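Engineer: return a 3D structure for these sequence lines:
(2 chains)
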There are 2 protein chains.
Amino acid sequence: MTALSSPQITVEDYEQAAKTLMKALFIREKYSRLAYHRFPQTVAQFLRSAENQTWKEEDGVLPDVCPCPREGEDPYNIENIPDNLSYELQTKDGIVYVYENAEALSQNRPRSLPYPDLETFAIDLSHVLAMIIDGPTKTYCHRRLNFLGSKFYLHEMLNEMAELKELKGVPHRDFYNVRKVDTHIHAAACMSQKHLLNFIQTTYKTEADRVVLEKGGRKLTLREVFEHLNMDPYDLTVDSLDVHAGRQTFHRFDKFNSKYNPVGASELREIYLKTDNLIDGEYFARIIKEVSHDLEESKYQHAEPRLSIYGRSADEWDSLSKWFIQHKVHSTNMQWIIQVPRIYDIFKSKKLITNFAKMLENIFLPLFEATVNPQKHKELHVFLKYVTGFDSVDDESKHSDHMFSYKSPKPEQWTADENPPYSYYLFHMYANIMVLNNLRKYRGLSTFQFRPHCGEAGSITHLVSAFLTADNISHGLNLKKSPVLQYLYYLAQVPIAMSPLSNNSLFLEYSKNPLREFLHKGLCVSLSTDDPMQFHYTKEALMEEYAIAAQLWKLSTCDVCEIARNSVLQSGLSHQEKKHFIGANYLKDGPEGNDIRRTNVAQIRMAYRHETLCNELSFLVDAVKTEAAIGTQPE
Amino acid sequence: MTALSSPQITVEDYEQAAKTLMKALFIREKYSRLAYHRFPQTVAQFLRSAENQTWKEEDGVLPDVCPCPREGEDPYNIENIPDNLSYELQTKDGIVYVYENAEALSQNRPRSLPYPDLETFAIDLSHVLAMIIDGPTKTYCHRRLNFLGSKFYLHEMLNEMAELKELKGVPHRDFYNVRKVDTHIHAAACMSQKHLLNFIQTTYKTEADRVVLEKGGRKLTLREVFEHLNMDPYDLTVDSLDVHAGRQTFHRFDKFNSKYNPVGASELREIYLKTDNLIDGEYFARIIKEVSHDLEESKYQHAEPRLSIYGRSADEWDSLSKWFIQHKVHSTNMQWIIQVPRIYDIFKSKKLITNFAKMLENIFLPLFEATVNPQKHKELHVFLKYVTGFDSVDDESKHSDHMFSYKSPKPEQWTADENPPYSYYLFHMYANIMVLNNLRKYRGLSTFQFRPHCGEAGSITHLVSAFLTADNISHGLNLKKSPVLQYLYYLAQVPIAMSPLSNNSLFLEYSKNPLREFLHKGLCVSLSTDDPMQFHYTKEALMEEYAIAAQLWKLSTCDVCEIARNSVLQSGLSHQEKKHFIGANYLKDGPEGNDIRRTNVAQIRMAYRHETLCNELSFLVDAVKTEAAIGTQPE
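Structural biologist: Purely as a prediction, here's the structure:
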């Protein structure tokens, strides 16, 4: 008899489940703190109370990852850059270590920063891995989640009209002018297909004789490129452009990736959607700036586009930051995220790198360099002000034979042709970001959030790795499949950027998407577009995403405004901006932290969410404390 | 054992079914011709062949309902208006009769025009009513529809890529620049909620002291109106505006109608959404012109907004046409439809009219007047150039106790408080439009299409009435429930303007909407918004409608372009415009009639549709002919 078919649960089972869940929360809190990731105050307060301690305001991590330039300040200003230090850097086990000076390096005495401890991490990981298949814990979480669903349904029936009344009473503010952040969008697909088409046609009309590509040693003008492709840009249509995902892409991530090539021609991707091409990425910068111009016009919409760093070579960062500054790509309505594709195997097979450590070094060492010696890397230093996080991307449904553990080969020893598994990537990215954030905090610089793609497809263990290492995730579809993880993501209020239209084209039909269910249960979900070029039809991709969700799932105004508020919370926007957009006390949980005049989320809803979360957490704390009390009684 | 559970069908049953289906097609053809409604060439050809006759091109009705003004021509030009005639008009049995002169009137000798014959109509109606519940006919149609569905599925699997290849080869043309007509949209809700909000705020900002309303004998300025409502327009939001349909409107058409009142205040509806108020409908005209301006900018989108004529009094037409011309409401991207709400019972209870004939007279007599004596009704004459049809609107789910038959009271005798049933309304509207169209054709003027709301809810018999009387319908959801009617609408290619987002808010969840299924089987469906103010979120309501349908149902480019082509076919656009938008030979069926360079519909698809329809029709004709041959054989 499986646990789920028998909802019977004994008191011991219940206490055991509560204990493991609490432990998982402690684990997440630990890794969050280490990396300057955010952790909700309410949850931290309950954790302290379980330890019979008192939570203090200063325990919280202020997520000021990216202080935005002040009004009138030049965002590309290279004055006031901190001094260089005489620090030394060295990569060990794929992680960058920092040394006070050459001597400390020779004596192998790294600076005192929290460095990762693989063994502890592996133990922590295995704790959460074990609990997601533990029968009683599954039963417990399953029942709590069902309860959360039913409770919201009741809340809705009782308070729907009262919520609406509250919203009607809010002057000025409605769904259209609450801030919304597109929390998951790839820069190379951030424009609509129609926009890209028009852009290509415009460049051809005005700059056909410009040299734009080097191929086989020959420099080609735009005209020659199109002649070579045997097509006239005037005749191009969105059909022949063929960048939209159709029925053919469902469960075919491989086909989907090729959609990034306009007209199926990698030449056009190279010319229009790359930052480091013969024209220094000018076209790509220009089209992104057209997108950000539209966002600025709309005023209330923001986006967090992802730019790629591959780890193929060490100069990618210099090239990317040069592109950013040369073309003045900064916008007040865009925060930048760096996506790292998990394609070690491709670079290895092309003999671009010898082992996995080299890839990690290419990705992270330049960031440590720029943090230690910013005067030597002025452009990168400036660019990093606008980078708020890292993403790890690729097809999660690809299976890996390797099981990550503390016995896994170290990155330097990972010389195999096979790609390391998802967890291996995540740990090593997290570890470097953690060290880097501590170093940057010490230097008074911005820190980064780790925001991987996770749970779009593939094994549910990905969601375990991210539970430890990620500030927040994109997709999270597979939480559907694991009650324990779903409940943990709820308890820890891990933000999840969901993209139901993207899922609909790739992995899961719209009607089966769990977004509505997650939202109702109280998980911290936001809506995002992923790839407007491939999925959306209208000029306003994010609004299209909201419109479809609102209509198909009959979401109330309060629902959509709650999603919008979540998107601001989840985003890499600065503390000042968040205060401005969702209220001065936004770090506080519950109605206290909500400024309805800015968020248009009913206080009744906020109170419901807060009370419900406190209720769930106090169950756990009580169970643990009872057990502890019994345990300490004299026998 | 019911017919549907036993798919067994004998040869006799089959022939009988074929015969009744053919008869229904003959009936529709007859009523279509009488009213200058359109009837597809292919079907007409098969009907002729069943009668052993040959179809001739001139048998077709050229649906030139509204010749658009030529480039540079003043659309409000009141020169070249035809002369008055000395005709006399008289309403009899609710239908307007035309007399050559006073003498003919006194001798009761109406002009030779086809007048309706209620008895024949009732017999024809009962034929179709009987067949929709006939077991063998149901089985036959059910099987044919299943066959059509499976056949399309096969077609799709075999030809999807070939269709796509065809489309990719078409220069310039893609989904974004094929013509799309919003075939069903109400003028009073044709703007988005956000647009209406901004408009209200703008008028307040610039014209707060303008007298805009008379209430209880007192004239009020805009400022006073808002003071009276106790609100500041600056504080208004889409939430407090409250015109969007929410979860509360599902299966509550009554609640839905009240959504036309901004902030729940009928005063604001009066000021902003009416044509005959104290400011002569200026605001309503202005906001409509903002909508048409956007359509003209978009170039490829058209709309057919519905304006109301109620039949409450005889001067409604003069007032409406004055409004239209005074405010220059004409747009090249809008054709106008007159909607007549089925609310006799309300006028009767308010003692505005004494019987149903009076309502009909108020609606139709002015049109006959303007047709006979255009010099006396110049403004109405000009306005009618841009009116392309009539709609009959109201909540179809309201039940009526009365069963329409030739024994029903004549409109003059309909003095009861109850509302006449749907069929009664339809017959009398059709009858008047039929006579009017013949009169107008004789005078060389434009004719009108009857395009009622039908099959949104309520009894499926509504769809029977419309099968006889309508050029095309809006909604048609209930065809889902009757295989016979669904098959008849397929065979006769009756255009259906569907609005799945509207249905989703009012009557049927999106996932259960039959649009996709109808499209695949080959019914002539188009997409329309119904009420952007109430249902849509983005600035481009029609694109939102297409985007959601395309994404949710994974429609191919060819599918959506076929829908767009259907919308042009269905619309009241002129013959010249249709030739320009979908190809010079558009009246021909099959690939011959398709100009892929304009429609972006693959010829493979057109050929499939045409062959499939011919195949279905030839089955019927063969069955009828075989039977006839057997019948005439010497025994």
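Engineer: mind showing which ranges of the stretch 1-150 of chain A have poor pLDDT?
Structural biologist: Applying pLDDT under 70 to the stretch 1-150 of chain A flags the ranges A:1-9, A:61-70.
Engineer: now with 50, please.
Structural biologist: For the stretch 1-150 of chain A, applying pLDDT under 50 flags the ranges A:1-6.
Engineer: go on, the stretch 501-635 of chain A?
Structural biologist: Ranges of the stretch 501-635 of chain A meeting pLDDT under 50: A:635.
Engineer: and what of the stretch 301-450 of chain A?
Structural biologist: Across the stretch 301-450 of chain A, nothing is flagged by pLDDT under 50.
Engineer: show me where it has its strands.
Structural biologist: Using DSSP state E, counting those that start in this stretch, the strands of the stretch 301-450 of chain A run over A:301-308, A:336-341, A:387-393, A:449-450.
Engineer: what about A:Leu148, distance to chain B?
Structural biologist: 20 Å (Cβ to the nearest Cβ, to the nearest Å). Bear in mind the C-beta positions are built from the backbone N, C-alpha and C, glycine included.
Engineer: and the nearest residue in space to that residue that is not next to it in sequence, how many neighbours?
Structural biologist: Distances taken as Cβ to Cβ, 6 or more residues apart in numbering or on different chains place A:Lys521 nearest to A:Leu148, at 4.2 Å, with adjacent residues excluded. When neighbours are counted by other Cβ atoms under 10 Å in any protein chain shown, A:Lys521 registers 22.
Engineer: could you dump the strands of the stretch 301-450 of chain A into a markdown table with distance to A:Asp182 and mean neighbour count added?
Structural biologist: Converted to a markdown table, the strands of the stretch 301-450 of chain A look like this (distance: least, Cβ to Cβ, whole Å; neighbours: other Cβ atoms under 10 Å in any protein chain shown):
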| stretch | distance to A:Asp182 | mean neighbour count |
| --- | --- | --- |
| strand A:301-308 | 4 | 23 |
| strand A:336-341 | 11 | 22 |
| strand A:387-393 | 13 | 24 |
| strand A:449-450 | 16 | 24 |
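Engineer: of these, which is nearest B:Leu445?
Structural biologist: strand A:301-308 (50.2 Å; Cβ to Cβ).
Engineer: next, the angle from the closest one to strand A:336-341.
Structural biologist: Relative orientation of strand A:301-308 versus strand A:336-341 (axes from the mean of the first three to the mean of the last three Cα atoms, to 10 degrees): 40 degrees.
Engineer: and the angle for strand A:301-308 with strand A:387-393?
Structural biologist: Calculated by the same axes, to 10 degrees, strand A:301-308 forms an angle of 60 degrees with strand A:387-393.
Engineer: and strand A:301-308, what does it pack against?
Structural biologist: When contacts are defined as 3 or more Cβ pairs under 8 Å, 6 or more residues apart in numbering or on different chains; DSSP states H and E, strand A:301-308 packs onto strand A:180-186, helix A:282-298, strand A:336-341, strand A:387-393, helix A:541-552.
Engineer: out of those, deepest packed?
Structural biologist: Of all the helices and strands packed on strand A:301-308, strand A:180-186 carries the top mean neighbour count, a mean of 28, counting by mean count of other Cβ atoms under 10 Å in any protein chain shown.
Engineer: that older thread, identify whichever of the strands of the stretch 301-450 of chain A lies nearest to A:Glu51.
Structural biologist: Among the strands of the stretch 301-450 of chain A, the nearest to A:Glu51 by Cβ to Cβ is strand A:449-450 (26.3 Å).
Engineer: other SSEs contacting the closest one?
Structural biologist: strand A:387-393, helix A:422-442.
Engineer: chain B is nearest to which of the ones you listed?
Structural biologist: Checking the helices and strands packed on strand A:449-450 against chain B by Cβ to the nearest Cβ gives strand A:387-393 as the closest, at 22.7 Å.
Engineer: want to throw the helices and strands packed on strand A:449-450 into TSV with distance to chain B?
Structural biologist: Shown next, in TSV, are these (distance: least, Cβ to the nearest Cβ, whole Å):
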stretch	distance to chain B
strand A:387-393	23
helix A:422-442	29
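Engineer: okay, the ones you listed in CSV with distance to A:Pro305 next?
Structural biologist: What follows is these, written out as CSV (distance: least, Cβ to Cβ, whole Å):
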stretch, distance to A:Pro305
strand A:387-393, 11
helix A:422-442, 19
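Engineer: where's the closest residue to chain B within the stretch 251-400 of chain A relative to B:Ser556, distance?
Structural biologist: Residue nearest to chain B within the stretch 251-400 of chain A: A:Val263 (8.9 Å; Cβ to the nearest Cβ). Distance of A:Val263 to B:Ser556, computed by Cβ to Cβ, to the nearest Å: 19 Å.
Engineer: go on, A:Phe427?
Structural biologist: Distance of A:Phe427 to B:Ser556, computed by Cβ to Cβ: 43 Å.
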